[in-house]
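Chemist: kindly return the folded structure for what I paste below:
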Amino acid sequence: MALSKITNDGVATSGLPSGTVLQVKYTQFTSTNAVAISSSGNGTALADLTVNITPTSTSSIIMLTAGINGEFDSQTTQDVVAFFFRDSTKLAAPAAGNRPVGIQIGANISWHLENNLSTPEGFHYSYFDTPNTTSQITYKAGLQGTSSTNYRINATYLDADGTSHERGVSFIMAQEIAS
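Modeler: From the prediction side, this is the model:
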């Protein structure tokens, strides 16, 4: 079997079986940040959850995975969707009238009135992208709700120093897979 493409690190990429993971890039965010989430347009890209990858083949599949921990500032936050951006293109379900579209619909919202500023709401989702390029791509995690709100990444909204105010770690990962 002839191998025709060698990456910069000397790994042969063509001729490998379909499904072989060619490279993995990730960003792990361990700090906290409050982000204003838009209800209009394509939603909001989370700048802290950005990853760059340069595919080795135009036929590669990029498997994206994100785990986002945090909490919304409003107990009325609902109808939230999570998705990815490829550069400025929103990667989500097809448009469907006036519905918000994403990859994961809804957050794990489980607050109750007496602690509505200390109950985490998270997302974990994946998407298979076929970008058809060997140029660098920037992927970002994104959120959109039906009303504008704030989301505190990796912390509860109130973020007081106590046992009812958890902290977490969020990430975004891009894996290039041979097709």
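Chemist: phi, psi for the residue sitting nearest the centre point of the chain please.
Modeler: Among the residues of the chain, the one closest to the centroid is residue 141, at 3.0 Å (Cα atoms, centre = their mean). Backbone torsions of residue 141, given as degrees, to the nearest 10, read phi -80, psi 150.
Chemist: the closest residue to it other than its chain neighbours: what's it in contact with?
Modeler: Nearest non-adjacent residue to residue 141, counting by Cβ to Cβ, 6 or more residues apart in numbering: residue 49, 3.9 Å away. Yep, even glycine has a C-beta here, placed from its N, CA and C like the rest. Contacts of residue 49 were listed using Cβ atoms under 8 Å, 6 or more residues apart in numbering, and they are 27, 29, 66, 68, 140, 141, 153, 170, 171, 172.
Chemist: which element is residue 49 on?
Modeler: strand 44-53 (DSSP states H and E).
Chemist: give the buried residues for that strand.
Modeler: 44, 45, 46, 48, 49, 51, 53 (16 or more other Cβ atoms under 10 Å).
Chemist: quick check, residue 25 in a strand?
Modeler: Yes: Residue 25 sits within a strand when classified using DSSP: H, G, I helix; E, B strand; the rest coil.
Chemist: burial measure for it, as a count.
Modeler: 16 (other Cβ atoms under 10 Å).
Chemist: distance check, it against residue 161.
Modeler: 34 Å (Cβ to Cβ, to the nearest Å).
Chemist: any low-confidence regions in the protein?
Modeler: 1-14, 74-77, 107-116 (pLDDT under 70).
Chemist: which parts of it are strands?
Modeler: Ranges of strands in the chain, per DSSP state E, are 21-29, 33-37, 44-53, 61-68, 70-72, 81-86, 89-91, 104-105, 123-129, 137-144, 149-153, 170-177.
Chemist: who are the packing partners of the fourth one?
Modeler: By that I understand strand 61-68. Other elements packing on strand 61-68 under the criterion 3 or more Cβ pairs under 8 Å, 6 or more residues apart in numbering; DSSP states H and E are strand 44-53, strand 81-86, strand 123-129, strand 137-144, strand 170-177.
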